[in-house]
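**Student:** Sequence and predicted structure are below.
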Amino acid sequence: GAVVSQHPSRVICKSGTSVKIECRSLDFQATTMFWYRQFPKKSLMLMATSNEGSKATYEQGVEKDKFLINHASLTLSTLTVTSAHPEDSSFYICSAREAGTSGRTNEQFFGPGTRLTVL
Amino acid sequence: AQSVTQLDSQVPVFEEAPVELRCNYSSSVSVYLFWYVQYPNQGLQLLLKYLSGSTLVKGINGFEAEFNKSQTSFHLRKPSVHISDTAEYFCAVSDRNNFNKFYFGSGTKLNVKP
C-alpha cells in the first residue's frame, strides 16, 4: 500500500514552454502533498506544501507564479513549471501524507520523481 | 527549524562488511526520524522510521537504526552489506508538532565494492 505515482517520469521541453507534472496517490487519500526539487548530488529541497482544495504554501525563495501547484482532489496534485528555462532543469519529487487517523499519517510517501530537462 | 547533518558524503565499503551511516539533528524538541534510500533516477523509499517506543528500530533489507536522544543522533547500520545496497541514503527529521515539514540531510552515497 501507500503508492505514489508521478507522470511523466521524464520530460524534455524547449525554453519558454510550460510543463505539467502530475502526482497521484494510488491507494490512499492524501490530505497533504509536497513538492521537492533535487539538484544533482544534493538533498531534497521542499518547494511547497499543498492541501486539497486550498492554496499551496510555498517555501521562501520559491516563485509561486513560476511553479503553479494545484491540489484538486485527495489523490491528485499537479506542478506546472511555467515559462521554463534551462535553470529549471532538475529532478522533481512529490510526496503525499495520508488523510485520516491511520498510523501512517505521520509519514510521507514519495513518488518516483520526474526528470525535467529544459533546452 | 531543524538541521540534519549526515557527516559522510560518501562511504565506500566492501561487500559483506558492516556499515554505519551517521545522522545527527539539531533540535531537542520531540521528533520523528526516518531513513530513506534512493536508487539512481528514482524516488525515495522508506527504510525505517522512529516514532516512539524502542530506540532500536529495524527496517527493510536488514537495516536498523538507533535513536539516541542525548546525542541527537539516528545512525543507520547494517551488519553485512550487499552490492545491491549501493545507493544514496537520506536521513530525515520532522517535528512531532508539525510533521508536514520534513528536514533532509545532504545524503550519504554508499558504495559497496565486490
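**Tutor:** Okay, I see it.

**Student:** Grab the nearest non-local neighbour of B:H75.
**Tutor:** Nearest residue to B:H75 in three dimensions, chain neighbours excluded: B:R22, at 5.1 Å (CB to CB, 6 or more residues apart in numbering or on different chains). Yep, even glycine has a C-beta here, placed from its N, CA and C like the rest.

**Student:** List the contacts of that neighbour.
**Tutor:** With contacts defined as CB atoms under 8 Å, 6 or more residues apart in numbering or on different chains, B:R22 is in contact with B:6-8, B:73, B:75, B:108.

**Student:** Next: B:D8.
**Tutor:** Here B:D8 is in contact with B:21-22, B:108 (criterion: CB under 8 Å, 6+ apart).

**Student:** List the contacts of A:S77.
**Tutor:** Per CB under 8 Å, 6+ apart, neighbours of A:S77: A:22-23, A:30, A:33, A:35, A:50, A:69-71, A:94, A:96.

**Student:** same thing with A:N106?
**Tutor:** Contacts of A:N106 by CB under 8 Å, 6+ apart are A:97, B:32, B:51, B:94, B:99.

**Student:** for chain A, what are the nearby residues on chain B?
**Tutor:** When proximity is defined as CB under 8 Å from any CB of the partner chain, chain B approaches chain A at B:32, B:34, B:36, B:41-46, B:49, B:51, B:90, B:94, B:99-102, B:104-107.

**Student:** if you set the cut-off to 7 Å instead, what comes out?
**Tutor:** Along chain B, the residues adjacent to chain A under the rule CB under 7 Å from any CB of the partner chain are B:32, B:41-44, B:46, B:49, B:51, B:90, B:99-100, B:102, B:104-107.

**Student:** Drop anything exposed from these.
**Tutor:** In terms of neighbour count (16 or more other CB atoms under 10 Å in any protein chain shown), the buried residues within the residues of chain B next to chain A are B:32, B:42-44, B:46, B:49, B:90, B:99-100, B:102, B:104-107.

**Student:** nearest to A:T17, of these?
**Tutor:** B:G43 (24.7 Å; CB to CB).

**Student:** now the helix or strand bottoming out on mean pLDDT in chain B, how far from the chain's geometric center?
**Tutor:** Across the helices and strands of chain B, mean confidence by mean pLDDT, DSSP states H and E is lowest for strand B:98-104: a mean of 79. Taking CA atoms, centre = their mean, to the nearest Å, one finds the center of strand B:98-104 at 15 Å from the center of the full chain.

**Student:** ok, now stretch A:6-24?
**Tutor:** With CA atoms, centre = their mean, you get 11 Å for stretch A:6-24.

**Student:** Any idea how far apart the tips of it sit?
**Tutor:** End-to-end distance of stretch A:6-24 (CA to CA, to the nearest Å): 6 Å.

**Student:** So that stretch, near chain B or not?
**Tutor:** No. Counting by CB under 7 Å from any CB, chain B is not contacted by stretch A:6-24; separation bottoms out at 7.5 Å.

**Student:** Would you mark the buried spots in that stretch?
**Tutor:** Buried residues in stretch A:6-24 (16+ other CB under 10 Å): A:6, A:11, A:13, A:19, A:21-24.

**Student:** Next: stretch B:66-73.
**Tutor:** B:66-67, B:72-73.
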